[in-house]
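1. when you get a sec, could you give me coordinates for this:
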Amino acid sequence: MTNSIRLVLVCFLFFTQLSCTNDDVSIPTKEAHPIVGEWLRSDFTAVPLNEFRLIFLDNNEGFRIFLVSTNNGDIGTTTDFNWSVDNNTLTITEIENETIVTSFDFTSTGNLVLPEYSELEFIRQ
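-> This is a model prediction of the structure:
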């Protein structure tokens with residue numbers, strides 16, 4: 001009886017090990033472009049509030065957000081856009097069909113430079 005239990009247990013363990021998959025195998029995924037993320041323009045201020053942000057999503061959509069403080073409170077606008085990259089050229093097409101084409105680069109500190117879009121750098125958030 002003891003030998004049968006051991007045999008069943010050994011068979012169970014053997015087949016359990018054979019049926020396991022390697023969970024450590026990573027499935028190759030498309031790596032996000034380095035521009036993907038949230039970028040704050042370098043002239044932002046906390047008080048009074050003055051922010052200009054670009055948010056690039058990995059599905060080639062994005063948002064431009066502008067926030068400013070006034071005597072009457074904070075005011076903000078958001079504009080949706082689609083974006084694409086070809087080599088080092090960024091194309092932003094806003095919902096109103098305004099198209100912005102600019103080269104882009106990253107500084108040694110990781111800031112985003114869009115010379116035909118803004119004279120100021122953008123800081124990754």
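2. do you know the pLDDT at the closest residue to residue 43 other than its chain neighbours?
-> Using Cβ to Cβ, 6 or more residues apart in numbering and skipping the chain neighbours, the partner closest in space to residue 43 is residue 120 (5.3 Å). (Each C-beta comes from the backbone N, C-alpha and C, glycine too.) Residue 120 carries a pLDDT value of 97.
3. tell me who's in contact with residue 120.
-> Listed by Cβ atoms under 8 Å, 6 or more residues apart in numbering, the contact partners of residue 120 are 41-43.
4. and it, which of the three is it?
-> coil (DSSP: H, G, I helix; E, B strand; the rest coil).
5. helix or strand right after the helix or strand bottoming out on mean pLDDT in the chain?
-> Sorting the helices and strands of the chain by mean pLDDT, DSSP states H and E puts helix 2-19 at the bottom, at a mean of 54. As assigned by DSSP states H and E, the chain's next helix or strand after helix 2-19 is strand 37-41.
6. so how far is that following strand off the chain centroid?
-> What separates the centre of strand 37-41 from the centre of its chain is 10 Å, taken as Cα atoms, centre = their mean, to the nearest Å.
7. mean confidence (pLDDT) on whichever helix or strand comes after that strand, please.
-> Using DSSP H and E, the helix or strand that follows strand 37-41 in sequence is strand 50-56. Rounded to a whole number, the mean pLDDT of strand 50-56 is 96.
8. likewise stretch 73-81?
-> Stretch 73-81 comes out at a mean pLDDT of 93.
9. which strand in this structure has the most residues?
-> strand 73-86 (DSSP state E).
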